[in-house]
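> From the sequence below, what's the structure:
(one chain, ligands or ions: 3)
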Amino acid sequence: MKTAWTVDQIRRAEATIMGEPDPQTGVAPGDDGTLMRRAAAGLAAAVLRELRPASGRTVHLLVGPGNNGGDALWAGAFLRRCNVRVRAHLLTGRGHEAGLAALLRAGGTVTDVEGLHQPCDLVIDGLFGIGGRAGEPDRAIAEAIGDTPVVAVDVPSGLASDSCAPSGLRADLTVTFGGHKIAHLTQPDRCGPTELVEIGLDLDATGPPALRQWEAADVAAAWPVPTRHDHKYTRGVVGIDAGSAAYPGAARLALAGALNTGAGMIRHLGDADVSLLAEFPSVVLAEGRCQAFLAGSGWGDRDTRAARARLTEWTDTAPCVLDADALRPDLLDGLDLSDSLLTPHAGELARMLGVERSEVEAEPMDAARRAADRFGATILLKGGLQYVATPGETTVQMPVPGPAWTARAGSGDTLAGACAALLATGVDATLAAVLGASLQALTAADHPGPRPPERLAERFPDTLAALLAER
Ligand SMILES: NC(=O)C1=CN([C@@H]2O[C@H](COP(=O)(O)OP(=O)(O)OC[C@H]3O[C@@H](n4cnc5c(N)ncnc54)[C@H](OP(=O)(O)O)[C@@H]3O)[C@@H](O)[C@H]2O)[C@@H](O)CC1
Ligand SMILES: Nc1ncnc2c1ncn2[C@@H]1O[C@H](COP(=O)(O)OP(=O)(O)O)[C@@H](O)[C@H]1O
Ligand SMILES: [K+]
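Ligands and ions are numbered 1, 2, ... in the order given. Just a heads-up that it's a prediction; the model follows:
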């Protein structure tokens with residue numbers, strides 16, 4: 001599991017070691033340079049690995065006015081000791097004093113922007129770190145970098161650390177300090193792989209992390225495996241009302257998702273299409289008790305009164321997954337959704353919040369959190385990267401990400417079925433969302449290509465078997 005922290009948390013953790021910085025000078029009373037040198041040593045080690053062999057190679061440093069530039073300058077001084085040629089470009093004409101002195105003492109040089117056009121093997125981006133404002137890089141600098149590999153110091157410059165929005169330089173590797181920032185997990189295309197250097201910050205003391213990204217091993221560890229004492233009812237019965245005359249396939253897709261995720265039993269409670277059940281002989285039409293429900297996938301324009309009656313009855317009875325056409329404020333308002341899961345994509349979430357889709361896409365994590373509080377329900381915001389927000393909880397969960405092959409009509413229906421099967425086992429809505437979305441993504445990663453969603457769902461058990469074998 002990777003955890004990410006806000007800039008405020010990083011700054012507070014730093015302050016417990018060095019004291020509060022003076023508001024005028026920005027200098028902390030206990031700052032003896034230790035943290036910066038730890039950071040710079042980790043950065044230099046990562047650069048040496050990238051350069052291998054390093055001796056005789058040339059590195060350019062992009063140096064900004066703050067401590068991010070200081071890290072780059074100190075790293076440059078360390079690299080000099082390994083016979084790396086180092087040229088620093090001070091973007092604003094100044095740089096961290098002690099770092100600059102160390103680099104010059106070690107035989108590094110300072111160059112102007114023209115000097116950056118000379119060939120080099122690697123660029124260290126130390127313009128701005130967590131003190132940076134979002135913005136695109138200066139054109140002259142972007143041109144000077146060209147195709148040269150870039151190692152970003154802490155965060156790619158111009159990428160806002162607390163944000164999900166892309167901006168700034170693009171890095172091939174980001175070396176970060178103390179803890180991941182939100183942008184590392186939400187902007188992998190800008191950051192490249194991220195390497196974490198421990199510098200001794202106690203981030204747990206600053207409160208819960210902002211974001212947690214799940215990995216395959218975490219999914220395996222958390223999966224609700226049936227025990228010897230289970231039977232079909234204790235494993236959980238799922239009631240599914242999906243599909244309509246306009247979207248008949250939604251029922252089949254949702255059933256495929258639930259069956260292949262491991263429900264104890266499934267009741268098909270939508271407009272029954274018995275021919276559908278020939279393919280799924282274990283699915284029953286009989287009404288009876290259910291431990292979880294799924295409603296809304298492929299409903300189309302269902303009569304509001306009937307939809308509302310169904311949702312009221314079901315949400316009063318058991319945890320529900322509400323998807324697609326059930327995700328309308330006029331249907332949701334007033335329901336007790338405290339143990340339920342809503343599974344919107346960005347367009348649906350925008351409609352739920354009464355905002356533009358672009359607003360959700362710009363800051364998806366915030367939008368998911370707002371919707372969780374607004375509706376009092378756990379939200380799984382679907383898309384390329386997915387966010388699970390729980391009402392009243394600070395930490396947003398990010399399921400294992402998968403390839404975009406899944407981005408096709410019907411994947412949402414199978415995912416909703418998977419989440420409903422998990423809810424029926426008794427796990428909470430947050431875990432059901434994370435496990436269901438991760439299972440789909442991991443399966444898509446194992447089976448790249450344009451596989452229709454119902455066929456992908458048939459592979460869920462194989463993915464699960466492989467995951468559990470590692471547990
Ligand atoms: N915290 C820790 O635990 C540790 C932190 N460490 C390192 O310190 C880094 C943070 O350093 P920092 O606070 O000095 O801020 P930094 O990112 O260098 O930038 C601030 C300067 O840039 C300027 N500026 C910003 N954006 C701009 C723009 N778009 N265009 C132009 N100017 C812009 C900004 O100006 P202002 O916004 O004030 O006008 C200000 O002058 C952190 O990322 C890590 O690398 C490590 O050493 C180890 C321990
Ligand atoms: N870029 C992407 N990369 C990976 N998965 C994606 C991407 N975009 C969407 N998905 C997945 O595709 C599915 C689309 O869901 P949705 O838009 O609700 O489709 P539908 O309602 O037609 O089934 C979701 O399960 C989501 O996780
Ligand atoms: K940087």
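> Now G99: closest residue in space that isn't a chain neighbour?
Nearest non-adjacent residue to G99, counting by Cβ to Cβ, 6 or more residues apart in numbering: L73, 3.1 Å away. (Each C-beta comes from the backbone N, C-alpha and C, glycine too.)
> Next: C164.
T186 (4.1 Å).
> Make sure that neighbour is actually in contact with D162.
No - contact criterion Cβ atoms under 8 Å: T186 and D162 do not qualify, at 9.8 Å.
> on that earlier part again, so which other helices or strands are in contact with whichever strand or helix holds the residue nearest to G99?
When elements are defined using DSSP states H and E, L73 is found to belong to helix 67-80. Applying 3 or more Cβ pairs under 8 Å, 6 or more residues apart in numbering; DSSP states H and E, one finds that helix 67-80 contacts helix 34-51, strand 58-63, strand 85-90, helix 97-105, strand 122-126, strand 150-153.
> Also compute the angle for it relative to helix 97-105, please.
Using axes from the mean of the first three to the mean of the last three Cα atoms, to 10 degrees, the direction of helix 67-80 lies 20 degrees away from that of helix 97-105.
> Next, name the residue at the spatial heart of this structure.
By Cα atoms, centre = their mean, the chain has its centre lying nearest to M398, at 4.2 Å.
> That residue and G384 touch, don't they?
No - judged on Cβ under 8 Å, M398 makes no contact with G384 at a distance of 11.3 Å.
> Next, show the common contact partners of the two.
In the contact map built from Cβ atoms under 8 Å, 6 or more residues apart in numbering, no residue is linked to both M398 and G384.
> When T186 and D162 are compared, which one has more neighbours?
Neighbour totals were compared for T186 and D162, and T186 leads with 26 against 21 (other Cβ atoms under 10 Å).
> quick one: the more buried one and V113, what's the gap?
From T186 over to V113 the distance is 31 Å, taken as Cβ to Cβ, to the nearest Å.
> can you check A101 too?
From A101 to V113 the distance is 22 Å (Cβ to Cβ).
> Output the lowest-mean-pLDDT helix or strand in the chain in CSV with nothing but the alpha carbons.
One helix or strand of the chain scores below all others by mean pLDDT, DSSP states H and E: helix 274-277, with a mean of 84. The C-alpha trace of helix 274-277 is given here as CSV (Å, rounded to 0.1, in the frame of the first residue of the first chain):
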residue,chain,number,x,y,z
VAL,A,274,-35.8,-16.1,-18.3
SER,A,275,-33.8,-16.8,-21.5
LEU,A,276,-31.0,-14.9,-19.7
LEU,A,277,-30.9,-17.4,-16.9
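> which outside residues touch it?
P248, A251, R252, L255, H268, V283, L285.
> Filter those down to the buried ones.
Buried members of those, counted by 16 or more other Cβ atoms under 10 Å: P248, A251, R252, L255, H268, V283.
> host element of the fourth one?
If I follow you right, that is L255. helix 249-259.
> Next secondary structure after that helix?
Counting by DSSP H and E, what follows helix 249-259 is strand 265-268.
> one step back: export the helices and strands packed on helix 67-80 to a markdown table and tack on mean neighbour count?
Putting these into a markdown table (neighbours: other Cβ atoms under 10 Å) gives the following:
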| stretch | mean neighbour count |
| --- | --- |
| helix 34-51 | 20 |
| strand 58-63 | 27 |
| strand 85-90 | 21 |
| helix 97-105 | 18 |
| strand 122-126 | 28 |
| strand 150-153 | 28 |
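> could you dump these to JSON lines with mean pLDDT and distance to R212?
Formatted as JSON lines, the helices and strands packed on helix 67-80 follow (pLDDT from 0 to 100; distance: least, Cβ to Cβ, whole Å):
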{"stretch": "helix 34-51", "mean pLDDT": "96", "distance to R212": "23"}
{"stretch": "strand 58-63", "mean pLDDT": "98", "distance to R212": "32"}
{"stretch": "strand 85-90", "mean pLDDT": "97", "distance to R212": "37"}
{"stretch": "helix 97-105", "mean pLDDT": "97", "distance to R212": "34"}
{"stretch": "strand 122-126", "mean pLDDT": "98", "distance to R212": "27"}
{"stretch": "strand 150-153", "mean pLDDT": "98", "distance to R212": "22"}
